[in-house]
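Engineer: what follows is a predicted structure for the sequence shown.
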Amino acid sequence: MKEKTNVNDIDRSLYDFRNEEDESEYFDSGLSKEIIRAISDEKNDTDWMREFRLRSLEIYQKTKMVDWGPSIEGLDVDNIVTYIRQKSRMNTDWEAVPDDIKDTFERLGIPQAERESLAGVGAQYDSELVYHNVRKEVAESGVVYTDLESAMHDERYAEMIRQHFMKLVPPTDHKFAALHGAVWSGGSFVYVPKGVCLEIPLQSYFRLNAKGAGQFEHTLIILEEGSYLHFIEGCSAPKYYEAGLHAGCVELYVGRNATLRYSTIENWSKNMYNLNTKRALVEEGGKIEWVSGSFGSHVSYLYPMSILNGRGASAEFTGITFAGEGQNLDTGAKVVHNAPDTSSYINTKSISKSGGISTFRSAVTVNKNAEGSRSAVNCESLMLDRISRSDTVPVMDIRTNKADIGHEAKIGRISDEAVFYLMSRGLDEDSAKAMIVRGFADNVSKELPLEYAMEMNNLIGLEMKGSIG
Amino acid sequence: MDNKRLNILPVPTFGWLGVNDAVREIAVLPDVESITVECRQTEPVRIDLSDNKEYEINVCANEGESLTVIEYNTADSSSVSTKIKAKSGSRVKLIQVIAAAGQTVNNVSAEVLDNASFEYVLLTLSGADTLCEIKADLAGRGAGFDANIGYKVSNEDKLDINLLASHKGKKTVSNIAVSGVLSNKADKTFKGTIDFLNGAVGAVGAEKEEVLLLDESVINKTVPLILCAEEDVEGSHGASIGRIDEKQVFYMQSRGLDEQRIYELMANAKIIRLLKYIDDEQTLLRINNALDGGNNDE
């Protein structure tokens, strides 16, 4: 009897190791003014930030949970440790990082990637950055890449950060944006001056090692006119039985005729609730390119938003989501066309397997002032068995007659015709199906630098075996 | 007046988009009229809905029978509930024309059994506030559902359509084609859902909407959902929203038509597309009169 073709789940052995934690460094779980003040004291916050945190806490307590999307009943924020004091201060010398943390990032390949293909690296372990470094020639070009908290205390950037911090994603946006505003810790600040183009990417890597904890890093990137940056974000955590929470926030300001490519390979463990918020404001002629791979977490709500605020601004979103056993991944993108001649293109793929639930959710809004704008949305879903689920929930809200909007979606299984064609070219059935599934994920991998495309392919672990039954 | 939550999206989404439901004050209508259509009819059954009341219409096609029902709604304010049962091998065609003045709450629910088919045609020409909810339950093996919907919304009118094709049976098929034109502060939402339930092996569903926006005052919301809990299915949806293609305008201008006339023609084309599905002279005449009246008003 033939064995049915099997597409394996993601091989997580690379990510599922953990270090022993010193729990005396944990703050109390839950949320109270006392905990917020203690975090503020720990970080030596300025007065406005202390007030901001407390105000965000009030908003959090008043704001209702979302009434759509996957269930987050298993997440009890009162049991989440929102801050873990780090044993060492942030370093720019890799050798000064504590051995166990250094070992973690070595195993994830971060220092090697820095040496081989990155202009700068930031590494966050639990609540705090432990390492940040940028190549000398990049720093000399005027590019700032540092941890957000240091930058906030640096008089050269303090006012700039104050003017931009949580202005794109205000705490009133939703309950977990408010939570982020109250307890945020760590994250990166990037400033690229006018006309500077970084040929090689910067990368921040976020590792949550502690069990029952949350990670709330804040990434703030400002690109001045005519500049270019590729920023890569990676994240992972070992698996625990306790729920973990990631409620980070990314705010991207793309200046006139600037281009920002923001790539994410998300591989949280399957006990994590990934409730992340990402938003970009794009000025005249600017461009935001999102490349997103969502593989991990138990539950995800992730919809990077692009606000096209200047004439000719554009957004591209390329994403793939792989939902396996025990996962409910609700991902997609949002675009607001708020100026003439803006354009957006959303292209996503999703794979559902072994009872996994994948939902593509999008919103394209074209305001009255967005004359001459264009938008195209394309999403494809692949069901690999009968116990999984895949939903597509797009919305288009169009308020001008001078725009052209298109949408296409497809859902189905591996096409018999495609298998037949490849077999007619000499492939056996296993190889044909394997090729189709690998090709399905190709839209994201071809957008990544080679090293990361290889990592992603490894992550997907699409191994085919047996024959077709 | 009661405040009610109608046209609820099967899977809710971002609240700020305002598409998860339609909350309306619904007029309480004093009278209820029940109509039953169940025997074999050679001629279409024409039902005139011209009074301000609640209509409860039950349609049942027995095994192997064919039945066409035409509802023409000109009431100022009405609530219409049409329940359809298409038994094995039967064919039911429901044509609804809404040329109303005020608020219309229109519900259609159909149960389609083995190898039966339900063909649905909806044409909305006027109405200050029109809410349509259509549910086709493709329960039997090989059950089919064809929906052809056209709308013309203008003069600050609101239209909210919530359509759900539930594929339960094996090898069920749905085809949903929607086209319409919006002008003069029209506010339209179309929510179309193809739901492949577990067990609907071999099911195929397709949905398409084309919307022509004639001016900057309109609001168009398009929400095409595919929900899928079965591996062996094929689902697709497409949407195209915007203005008239510039090449088409140029071509017609080269043939001597002015821009206003071109837009009138293109707008009517979105509606006229549907007329081929209305195989009843009387009804076609009424629609043509209503369309001409509309043009004269403009």
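Structural biologist: All right, it came through fine.

Engineer: which elements pack onto the helix or strand containing B:A269?
Structural biologist: Using DSSP states H and E, the element containing B:A269 is helix B:259-275. In terms of contacts (3 or more Cβ pairs under 8 Å, 6 or more residues apart in numbering or on different chains; DSSP states H and E), helix B:259-275 is packed against strand B:117-126, strand B:144-153, strand B:173-182, strand B:203-213, helix B:246-254, helix B:281-297. Every C-beta, even on glycine, is put in place using the N, C-alpha and C of the backbone.

Engineer: mean neighbour count added to the ones you listed, as JSON lines?
Structural biologist: Output for the helices and strands packed on helix B:259-275, formatted as JSON lines (neighbours: other Cβ atoms under 10 Å in any protein chain shown):
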{"stretch": "strand B:117-126", "mean neighbour count": "23"}
{"stretch": "strand B:144-153", "mean neighbour count": "23"}
{"stretch": "strand B:173-182", "mean neighbour count": "23"}
{"stretch": "strand B:203-213", "mean neighbour count": "23"}
{"stretch": "helix B:246-254", "mean neighbour count": "12"}
{"stretch": "helix B:281-297", "mean neighbour count": "14"}
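
Engineer: can you tell me which of these the model trusts least?
Structural biologist: Per-segment confidence across the helices and strands packed on helix B:259-275 bottoms out at helix B:281-297, which has a mean of 77 in mean pLDDT.

Engineer: chain center to that helix: distance?
Structural biologist: Mean-position distance between helix B:281-297 and its chain equals 18 Å (Cα atoms, centre = their mean, to the nearest Å).

Engineer: now the angle from it to strand B:117-126?
Structural biologist: Using axes from the mean of the first three to the mean of the last three Cα atoms, to 10 degrees, the interaxial angle of helix B:281-297 with respect to strand B:117-126 works out to 30 degrees.

Engineer: using PDB, list the CA coordinates for helix B:281-297.
Structural biologist: What follows is helix B:281-297 as a C-alpha-only set of coordinates in PDB (Å, rounded to 0.1, in the frame of the first residue of the first chain):
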ATOM      1  CA  GLU B 281     -41.600  39.900 -21.000                       C
ATOM      2  CA  GLN B 282     -43.800  41.500 -18.400                       C
ATOM      3  CA  THR B 283     -41.000  41.900 -15.900                       C
ATOM      4  CA  LEU B 284     -38.500  43.100 -18.600                       C
ATOM      5  CA  LEU B 285     -41.000  45.800 -19.600                       C
ATOM      6  CA  ARG B 286     -41.400  47.000 -16.000                       C
ATOM      7  CA  ILE B 287     -37.600  47.100 -15.600                       C
ATOM      8  CA  ASN B 288     -37.100  49.000 -18.900                       C
ATOM      9  CA  ASN B 289     -39.800  51.500 -17.800                       C
ATOM     10  CA  ALA B 290     -38.100  51.900 -14.400                       C
ATOM     11  CA  LEU B 291     -34.700  52.400 -16.100                       C
ATOM     12  CA  ASP B 292     -36.000  54.900 -18.600                       C
ATOM     13  CA  GLY B 293     -37.700  56.700 -15.700                       C
ATOM     14  CA  GLY B 294     -34.400  56.800 -13.900                       C
ATOM     15  CA  ASN B 295     -32.700  58.200 -17.000                       C
ATOM     16  CA  ASN B 296     -35.400  60.900 -17.400                       C
ATOM     17  CA  ASP B 297     -35.000  61.900 -13.800                       C
END
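
Engineer: hey, what's the angle from that helix to strand B:144-153? Just curious.
Structural biologist: Computed with the same axes, to 10 degrees, the direction of helix B:281-297 lies at 30 degrees from that of strand B:144-153.

Engineer: what's the weakest-modelled helix or strand in the chain?
Structural biologist: Answering for chain A, as no chain was given. Scoring the helices and strands of chain A by mean pLDDT, DSSP states H and E places strand A:464-465 at the bottom, with a mean of 34.

Engineer: picking up where we left off before, how about the helices and strands packed on helix B:259-275, which one is nearest chain A?
Structural biologist: Between chain A and the helices and strands packed on helix B:259-275, the tightest spacing by Cβ to the nearest Cβ is seen for strand B:203-213, at 3.7 Å.

Engineer: pLDDT on stretch A:289-300, on average?
Structural biologist: Rounded mean pLDDT across stretch A:289-300 is 91.

Engineer: quick one: end-to-end distance for it.
Structural biologist: Using Cα to Cα, to the nearest Å, one end of stretch A:289-300 lies 21 Å from the other.

Engineer: how far is that stretch from where the chain is centred?
Structural biologist: For stretch A:289-300, the distance from its own C-alpha centre to the chain's C-alpha centre is 6 Å (Cα atoms, centre = their mean).

Engineer: repeat that for stretch B:110-117.
Structural biologist: The gap between where stretch B:110-117 is centred and where its chain is centred comes out at 19 Å by Cα atoms, centre = their mean.

Engineer: follow-up on the earlier one: right, and the helices and strands packed on helix B:259-275 - which one's nearest A:S227?
Structural biologist: For these, distance to A:S227 was read as Cβ to Cβ. The smallest value, 35.1 Å, belongs to helix B:246-254.

Engineer: quick one: pLDDT of A:L229?
Structural biologist: Per-residue confidence at A:L229 stands at 95 (pLDDT).

Engineer: correct me if wrong: it contacts A:R261.
Structural biologist: Yes - between A:L229 and A:R261 there is a contact under Cβ atoms under 8 Å: 7.2 Å.

Engineer: got the contact list for the closest residue to B:N162 other than its chain neighbours?
Structural biologist: Counting by Cβ to Cβ, 6 or more residues apart in numbering or on different chains, B:N7 is the residue found nearest to B:N162 once chain neighbours are left out, at 3.7 Å. The contact partners of B:N7, taken as Cβ atoms under 8 Å, 6 or more residues apart in numbering or on different chains, are B:D21, B:A22, B:L131, B:C132, B:E133, B:D160, B:I161, B:N162, B:T189, B:K191.

Engineer: how about the residues of chain A by chain B?
Structural biologist: A:66-68, A:334, A:359, A:361, A:363, A:365, A:368, A:381, A:383-386, A:388-413 (Cβ under 8 Å from any Cβ of the partner chain).

Engineer: buried only: go through these for me.
Structural biologist: The neighbour-count criterion (16 or more other Cβ atoms under 10 Å in any protein chain shown) marks A:66, A:334, A:359, A:361, A:363, A:365, A:368, A:381, A:383-385, A:388-413 among the residues of chain A next to chain B as buried.

Engineer: from these, which land in strands?
Structural biologist: Using DSSP state E, the members of these that fall in strands are A:334, A:359, A:361, A:363, A:365, A:381, A:383, A:389-398, A:403-412.

Engineer: if we can go back for a sec, ok and the helix holding B:A269 relative to strand B:144-153, angle-wise?
Structural biologist: Using the same axes, to 10 degrees, the interaxial angle of helix B:259-275 with respect to strand B:144-153 works out to 150 degrees.
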